[in-house]
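J.: Following is a predicted model, sequence given first.
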Amino acid sequence: MSYLYIYVENEKVENALKYGMKLSEYANKIITLGTEKRGITAFLSPKDSSLLGNENYTCLKISIDNLNIYIYNKVLENTNSISNFFTEFKKYTIGSYEEPVAIICSTILPENIFLYNNILDTPILVENSKDLYYEKSVFEMVESGRFSYSEIYQMLLILGEQKKIFKVTSTDTQTKIYENKFNLKKYTRKSNF
């Protein structure tokens with residue numbers, strides 16, 4: 001991963017591009033782990049931020065070259081467990097945290113800052129960090145051999161029934177047919193009890 005993404009108020013964009021982003025001026029996050037880590041919040045993907053689509057902010061693409069960067073799991077931000085989910089950027093494995101957030105603990109020089117173009121820009125390695133985490137976690141659970149595809153299939157049918165995605169009919173006391181209300185695809189489930 002060569003870039004991170006920062007959202008900056010529209011009126012500060014020109015100055016950031018021209019003069020860079022001083023840590024003392026742009027720092028907006030402090031993480032305390034025995035000592036304080038003060039930095040500028042950045043994201044692995046533009047879609048990871050709640051500011052995506054906010055007309056008052058512009059997304060900047062930041063080259064990670066020569067920056068002091070850490071990644072932490074926002075889910076555990078205000079807990080005693082944060083220290084177990086806080087690592088140097090170069091040691092972070094993509095998809096390891098549910099809500100990874102970067103904290104840049106150094107001034108960002110102008111040559112590291114670019115306007116992000118959501119239509120035509122360099123390809124993004126991570127489209128959405130949270131979805132990647134869930135996908136990777138489910139795959140690891142299945143690959144561990146402790147869960148089978150059959151068990152996951154059964155759980156998804158039950159969840160789909162609870163969410164009213166499926167219309168359920170029974171053919172007898174042990175077999176159910178689940179029909180997806182949106183695409184009319186049918187699934188079967190035989191009960192063992």
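T.: Nice, thanks for sending it over.
J.: Return the alpha-carbon coordinates of stretch 124-135 using PDB.
T.: Output of stretch 124-135 as PDB, limited to C-alpha atoms (Å, rounded to 0.1, in the frame of the first residue of the first chain):
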ATOM      1  CA  ILE A 124      -7.000   1.300  -4.600                       C
ATOM      2  CA  LEU A 125      -5.700  -1.900  -3.000                       C
ATOM      3  CA  VAL A 126      -8.500  -1.900  -0.300                       C
ATOM      4  CA  GLU A 127     -12.000  -0.800  -1.500                       C
ATOM      5  CA  ASN A 128     -13.600  -1.000   1.900                       C
ATOM      6  CA  SER A 129     -11.600  -2.100   5.000                       C
ATOM      7  CA  LYS A 130     -14.500  -3.400   7.000                       C
ATOM      8  CA  ASP A 131     -15.900  -5.600   4.200                       C
ATOM      9  CA  LEU A 132     -12.400  -7.000   3.600                       C
ATOM     10  CA  TYR A 133     -12.000  -7.800   7.300                       C
ATOM     11  CA  TYR A 134     -15.300  -9.700   7.400                       C
ATOM     12  CA  GLU A 135     -14.600 -11.600   4.200                       C
END
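J.: Distance of I71 relative to F85?
T.: Distance of I71 to F85, given as Cβ to Cβ, to the nearest Å: 9 Å. Any C-beta I mention is one placed from the backbone N, CA and C, and that applies to glycine too.
J.: so how far is L17 from the residue positioned nearest the centre of the chain?
T.: Nearest to the mean C-alpha position of the chain, by Cα atoms, centre = their mean, lies S129 at 2.3 Å. With distances taken as Cβ to Cβ, S129 is found 26 Å from L17.
J.: contacting residues around stretch 104-120?
T.: Outside of stretch 104-120, the residues within contact range by Cβ atoms under 8 Å, 6 or more residues apart in numbering are 4-6, 13, 16-23, 26, 37-40, 42, 46, 58-70.
J.: Sort out which of these are buried, if you could.
T.: If you count burial by 16 or more other Cβ atoms under 10 Å, the buried members of those come out as 4-6, 13, 16-17, 20-21, 23, 26, 37, 39-40, 42, 46, 58-62, 64, 67, 69-70.
J.: among the residues you listed, which are in helices?
T.: Taking DSSP state H as the definition of helices, these contribute V13, A16, L17, L23, Y26.
J.: Looking at these, which two lie furthest apart in space?
T.: Using Cβ to Cβ, these reach their maximum pairwise distance at V13 and L23, which is 17.9 Å.
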